[in-house]
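Peer 1: predicted structure and sequence below. I'll ask about it afterward.
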Amino acid sequence: MACRNGPLDDNNRSCTNMFCLLLFLVTCGGMGAVAKIGYTKGDPARLTYPYDPDHNACGHTAGFEDYPFIYFAKPLYGFATHTVCVKECPKSDTETVLDCKVNSVVKNCVSSGSSVELSAAAASLVSSHGKADVSDLKGDLFIYETFPLYGVVCFPTDLTEATII
């Protein structure tokens, strides 16, 4: 019956972590102050902008205002930085040229590979759980059917390609 009221009787109980409580409250206050300064003096919306590999915000950087969407030029595992800002998302995989702003990774806006090659590479990656070697896949830009997701990302309509990125 010694543990009926806990390991200590009520006369020997005391608060032992007041210092930790004060440290926790000071830390929370400091985080709140930093958040307030960042929100009032900064531009928190920049956290939601899509960026190309050269750190240009699609739709917001000077010269990119007319290119609000980010497009994955190679929507494959390992190629997440192969993106480009485009005026509108391609609605068909039969298009051969995108209206895009080139960057240091995607050097032109002309399709350099077929959607058949891309689909085969995507299927290979899916079946191998991302371990297939697709480094021999030629070209900087593949045009495939997409739709605008959240008004900023051209997302593939083919779920095989969508699971890769």
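Peer 2: Right, received. Where do you want to start?
Peer 1: how many other residues sit next to K107?
Peer 2: For K107, the count of nearby residues is 12 (other CB atoms under 10 Å). Any C-beta I mention is one placed from the backbone N, CA and C, and that applies to glycine too.
Peer 1: try F24
Peer 2: Count around F24 with other CB under 10 Å applied: 11.
Peer 1: what does the one 5 residues further on give?
Peer 2: By other CB under 10 Å, 10 other residues sit near G29.
Peer 1: now do the phi/psi pair for it.
Peer 2: phi -60, psi -40 (degrees, to the nearest 10).
Peer 1: where does G30 land in three-state SS?
Peer 2: Secondary structure state of G30, per DSSP: H, G, I helix; E, B strand; the rest coil, is helix.
Peer 1: cool, and A33?
Peer 2: helix.
Peer 1: burial count for P75?
Peer 2: Neighbours of P75 (other CB under 10 Å): 26.
Peer 1: i'd like the first residue to be 16 from this point on
Peer 2: With the count now opening at 16, the last piece we talked about shows up as P90.
Peer 1: hmm, it is touching F157, no?
Peer 2: Yes: applying CB atoms under 8 Å as the test, P90 and F157 come out as touching, 7.5 Å apart.
Peer 1: where does L40 fall, secondary structure wise?
Peer 2: helix 33-56 (DSSP states H and E).
Peer 1: CA atoms only: put that helix into CSV for me.
Peer 2: Only the C-alpha atoms of helix 33-56 are listed here, as CSV (Å, rounded to 0.1, in the frame of the first residue of the first chain):
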residue,chain,number,x,y,z
MET,A,33,11.0,25.6,-12.4
PHE,A,34,14.2,26.5,-14.2
CYS,A,35,13.2,24.4,-17.2
LEU,A,36,9.7,25.9,-17.3
LEU,A,37,11.2,29.4,-17.3
LEU,A,38,13.7,28.4,-20.1
PHE,A,39,10.8,27.0,-22.1
LEU,A,40,8.7,30.1,-21.8
VAL,A,41,11.7,32.4,-22.7
THR,A,42,12.3,30.2,-25.8
CYS,A,43,8.7,30.3,-26.9
GLY,A,44,8.7,34.1,-26.4
GLY,A,45,11.9,34.4,-28.5
MET,A,46,10.4,32.3,-31.3
GLY,A,47,7.3,34.4,-31.3
ALA,A,48,9.4,37.6,-31.5
VAL,A,49,11.4,36.2,-34.4
ALA,A,50,8.2,35.1,-36.2
LYS,A,51,6.6,38.5,-35.8
ILE,A,52,9.7,40.4,-37.1
GLY,A,53,9.9,38.0,-40.1
TYR,A,54,6.2,38.4,-40.9
THR,A,55,6.2,42.2,-40.6
LYS,A,56,9.5,43.0,-42.3
